[in-house]
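> Below are the sequence and a predicted model; questions follow.
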Amino acid sequence: MVKVSSKGEYALRALLVLGQQPGKVYTINEIAEQTLVTAKYLEQILIKLRKLGYVQSKRGVHGGYMLSLSPADISIGDVIRQIEGPLSPMGCTSVTAYVPCPLEEGCLLKPLWKVVRDTVAHVLEQTTLDDLLHKRIKSPLGGEELVKKQNR
């Protein structure tokens with residue numbers, strides 16, 4: 001169920017740091033400083049991101065981490081799903097981890113949870129790391145960018 005934990009938040013923070021200069025190798029301490037995450041915890045997250053194919057590591061004196069993919073090819077929805085699990089707020093509406101409910105037949109809440117799932121999934125799937133880096137976050141309710149609304 002979608003609940004972004006510190007692990008998901010920190011994974012996105014790390015990807016944002018690495019995405020600022022694709023191709024640049026960042027030390028774990030540089031990433032930790034910019035994300036305000038301890039190097040020890042960040043290392044666990046970066047290992048997971050490496051296994052998922054988002055980052056690559058380089059060993060040695062000038063070692064560290066860098067993106068494996070272009071920021072435009074990294075879907076925030078994919079990252080959150082792989083780090084946190086399903087995007088649905090309730091198991092009965094999950095596409096990837098459906099859990100039946102004894103009250104499901106005739107449930108008046110299920111349509112609401114389905115709309116919430118679809119909206120969250122749409123926004124996260126349509127947002128890339130590049131969009132975040134360039135502050136191009138669109139509201140599902142209209143074409144105006146959310147970043148512009150927040151700055152008013």
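The structure has been received and is ready for your questions. Note that this is a predicted model, so its numbers are computed, not measured.

> residue ranges with poor pLDDT in the protein?
Applying pLDDT under 70 to the chain picks out residues 1-2, 142-152.

> got the residue ranges for the helices in it?
Here the chain has its helices, by DSSP state H, at 6-20, 28-35, 39-51, 76-84, 110-125, 129-133, 146-150.

> Identify whichever of the ones you listed lies nearest to residue 95.
Checking the helices of the chain against residue 95 by Cβ to Cβ gives helix 110-125 as the closest, at 7.6 Å. Every C-beta, even on glycine, is put in place using the N, C-alpha and C of the backbone.

> ok, and what's touching stretch 119-135?
Under the contact criterion Cβ atoms under 8 Å, 6 or more residues apart in numbering, stretch 119-135 has outside partners 2, 12, 15-16, 19-20, 70-78, 80, 87-89, 95, 136-138, 140, 145, 147.

> again, only using 7 Å
With contact meaning Cβ atoms under 7 Å, 6 or more residues apart in numbering, stretch 119-135 is reached by 2, 15-16, 19-20, 71-72, 74-77, 80, 87, 137, 140, 147.

> List the buried residues for that stretch?
Residues of stretch 119-135 classed as buried: 120, 121, 123, 124, 127, 128, 129, 131, 132 (neighbour count, 16 or more other Cβ atoms under 10 Å).

> now stretch 7-18
Using 16+ other Cβ under 10 Å as the burial criterion, the residues of stretch 7-18 that qualify are 8, 9, 10, 11, 12, 13, 14, 15, 16, 17, 18.

> Specify which member of those residues is nearest to residue 105.
For the buried residues of stretch 7-18, the nearest to residue 105 is residue 8 (33.0 Å; Cβ to Cβ).

> Look up how far residue 49 lies from the closest one.
Relative to residue 49, residue 8 is positioned 11 Å away (Cβ to Cβ, to the nearest Å).

> ok, residue 52 - contacts?
Counting by Cβ under 7 Å, 6+ apart, residue 52 has contacts residue 82.
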